[in-house]
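J.: Here you go, sequence then predicted model.
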Amino acid sequence: MSRPQPMAKVAITIDAELLQYLDMLVAQHYFNNRSQAFQEAMKKYIHKIQRERLAAECDKLDQSFEQSLADEGFDEDMEEWPDY
């Protein structure tokens, strides 16, 4: 089981209407507190950025070249694969 990561305290400034909505979510027990809400939101946003960056890098790949690399030696290997 992994140990909890150390926490750091930060100060942020947000729109009053957004804060009101956030507090409503906390009051409805959607989040335990504001900190959890921000932490969850940042995790999701960072994950989204990472997925978009990966997709952008994948778009740069030459699909036919990548397929040829994947298929390289495939015919010879087929004879060696066991039957299941």
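T.: Here it is on my side, so go on.

J.: elements contacting the helix or strand harbouring residue 58?
T.: For residue 58, the element it lies in under DSSP states H and E is helix 34-59. With contacts taken as 3 or more Cβ pairs under 8 Å, 6 or more residues apart in numbering; DSSP states H and E, helix 34-59 sits against helix 16-27. For glycine as for every other residue, the C-beta is placed from the backbone atoms N, C-alpha and C.

J.: any low-confidence regions in the chain?
T.: Across the chain, the ranges flagged by pLDDT under 70 are 1, 73-84.

J.: Swap in 80 and give it another go.
T.: The chain contains residues with pLDDT under 80 at 1-2, 66, 69-84.

J.: quick revisit: tell me the angle of the next helix or strand after the helix holding residue 58 relative to helix 34-59?
T.: Remark: after helix 34-59, the chain's next helix or strand is helix 63-71, criterion DSSP H and E. If you take axes from the mean of the first three to the mean of the last three Cα atoms, to 10 degrees, helix 63-71 sits at 90 degrees to helix 34-59.

J.: now helix 63-71, how far from the centre of its chain.
T.: Relative to the centre of its chain, helix 63-71 is centred 27 Å away, using Cα atoms, centre = their mean, to the nearest Å.

J.: What of stretch 59-68?
T.: With Cα atoms, centre = their mean as the basis, stretch 59-68 stands 24 Å off its chain's centre.

J.: List of residues touching it?
T.: Outside stretch 59-68, no residue is within contact range by Cβ atoms under 8 Å, 6 or more residues apart in numbering.

J.: Report the separation between the two terminal residues of it.
T.: Stretch 59-68 has an end-to-end distance of 17 Å (criterion: Cα to Cα, to the nearest Å).

J.: same deal with stretch 2-16?
T.: From its first residue to its last, stretch 2-16 covers 37 Å (Cα to Cα).

J.: same thing with stretch 28-37?
T.: Start-to-end span of stretch 28-37 (Cα to Cα) is 12 Å.
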